[in-house]
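Colleague: Build the 3D model from these lines:
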Amino acid sequence: MKIAVIRPLLVLTCGLCAAASLPAQTPPASQPDATQAPAAPPQLQQRQPDGAQSPQQSGDQGQFTIPVLVNEVYLEFAVTDKHGHFIRDLQQNQFALLDDHKAPAQVFSFTQQTNLPLRVGILIDTSTSIRQRFQFEQQAANAFLLEIVRPQSDKAFIEGFDVTPDYKQDWTNNIDALSAGIQGLRSGGGTALYDAVYSACRDKLLTSRGAEPVRKAIVLVSDGDDNQSHAYLEDAIKECQRAETIIYAISTNVSPSRDRGDDILDKMAIATGGKAFFPTRIEDMPNSFEEIQEELRSQYALVYKPADFAANGAFRQIYLYCLDRRYTVRVREGYFAPKG
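Modeller: Below you'll find the predicted structure:
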């Protein structure tokens, strides 16, 4: 089975059917508890994949229908030591994985995908609460894009938000257009953080699939306070999981103590396999952008077939760790199976 053919049709394709409007404020359904670590699974062993079926030509000239399995998971993760330094060059047999409390049925590939094309959404809080720091945030985000976006393979979009999402620049690899989008943001109004993240995943990142796999991420610059959203925090997190998107959050709260907004940013990042950064000075924000840039180029990729897979739309919990306990694996909490 050729992974290059089937990867675009991986597990989270069900998210493409997301509703056209933000969810109403109704109590969210509970998600499986990921706090209890299960017993250690066996180390990952790669097996030969099943044979792929041949393409079949359809009635339209030049159009082909490719029968593929959709019960394969494309998983990205980062490995760090206790100091937060990235660990590279680890081998597949140094990791153990459980999907829905079971070892995978097959492992198709294990690679360090440092050059995978990027699809990055830059989400900047433009509400009144961050007005004094807004210009510096724009400058730091612009410098990040100049460094991270490779015009030949990467794309990004720009979204500001206060009470509503404000898309200043759609997907593009044009650095000048992205810079103009950032400079075009204006501060003022309340904060609908959850709506902004939900909208970005639903409208941009769920549909950013091409012929090859891409690494999808949101870089979120905000104080984490939300007072206007129709969506709940859980809604935003689940939509990110459906879109296979990692959140990297940079807090604009530079007070000596953390507040509720910082905890919100941390929760969103952890649930999606990302990281939240808490600069103690606004001048330190560029350092956070640099760490995000390094991580996006320092991740592993694993493609596997889950055991006892059922296309029932349920959330499947992921538990992945390195057998060398000096290292920490940062990975998303799980994914939603497609509905049959």
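Colleague: low-scoring pLDDT stretches of the stretch 51-200 of the chain, where are they?
Modeller: By pLDDT under 70, the weakly predicted segments of the stretch 51-200 of the chain are 51-70.
Colleague: and if we set it to 80?
Modeller: For the stretch 51-200 of the chain, applying pLDDT under 80 flags the ranges 51-71, 113-115, 129-133.
Colleague: Helices along that one, start to end?
Modeller: Applying DSSP state H, counting those that start in this stretch to the stretch 51-200 of the chain gives helices spanning 134-148, 175-183, 193-200.
Colleague: Now render these as JSON lines, adding distance to Ala301 and mean neighbour count.
Modeller: The way it works is simple: take the backbone N, C-alpha and C, and place the C-beta from them, glycine included. Conversion of these to JSON lines gives the following (distance: least, C-beta to C-beta, whole Å; neighbours: other C-beta atoms under 10 Å):
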{"stretch": "helix 134-148", "distance to Ala301": "18", "mean neighbour count": "18"}
{"stretch": "helix 175-183", "distance to Ala301": "26", "mean neighbour count": "17"}
{"stretch": "helix 193-200", "distance to Ala301": "23", "mean neighbour count": "27"}
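Colleague: Now render those as JSON lines, adding distance to Leu97.
Modeller: Listed next are the helices of the stretch 51-200 of the chain as JSON lines, based on distance: least, C-beta to C-beta, whole Å:
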{"stretch": "helix 134-148", "distance to Leu97": "29"}
{"stretch": "helix 175-183", "distance to Leu97": "36"}
{"stretch": "helix 193-200", "distance to Leu97": "27"}
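Colleague: Tell me the buried residues in stretch 260-274?
Modeller: 261-262, 264-274 (16 or more other C-beta atoms under 10 Å).
Colleague: which of those residues sit farthest apart?
Modeller: For those, the maximum inter-member distance is 20.8 Å, found between Gly261 and Gly273 (C-beta to C-beta).
Colleague: Asp81 reaches Arg326, doesn't it?
Modeller: Yes: using C-beta atoms under 8 Å, Asp81 makes contact with Arg326 at a distance of 6.1 Å.
Colleague: Could you check which of those two is surrounded by more residues?
Modeller: Asp81 (12 against 8; other C-beta atoms under 10 Å).
Colleague: Look up how far Arg316 lies from that one.
Modeller: To Arg316, Asp81 is 29 Å away according to C-beta to C-beta, to the nearest Å.
Colleague: Over to Gln138?
Modeller: Remark: distance between Gln138 and Arg316 (C-beta to C-beta) = 39 Å.
Colleague: just Arg332 next, same as before
Modeller: Distance, Arg332 to Arg316, using C-beta to C-beta: 11 Å.
Colleague: With Tyr300 instead?
Modeller: Distance from Tyr300 to Arg316, by C-beta to C-beta: 20 Å.
Colleague: Likewise for Glu294?
Modeller: From Glu294 to Arg316 the distance is 30 Å (C-beta to C-beta).
Colleague: more crowded one of those two?
Modeller: Arg316 (20 against 13).
Colleague: Which helix or strand contains that one?
Modeller: strand 315-322 (DSSP states H and E).
Colleague: who does that strand touch, helix- and strand-wise?
Modeller: strand 73-80, strand 95-99, strand 328-330, strand 334-336 (3 or more C-beta pairs under 8 Å, 6 or more residues apart in numbering; DSSP states H and E).
Colleague: How far off centre is the first one?
Modeller: Pointing back at strand 73-80 there. Computed by C-alpha atoms, centre = their mean, to the nearest Å, the chain-centroid distance of strand 73-80 equals 11 Å.
Colleague: What of the second one?
Modeller: In terms of C-alpha atoms, centre = their mean, the centre of strand 95-99 is set 19 Å apart from its chain centre.
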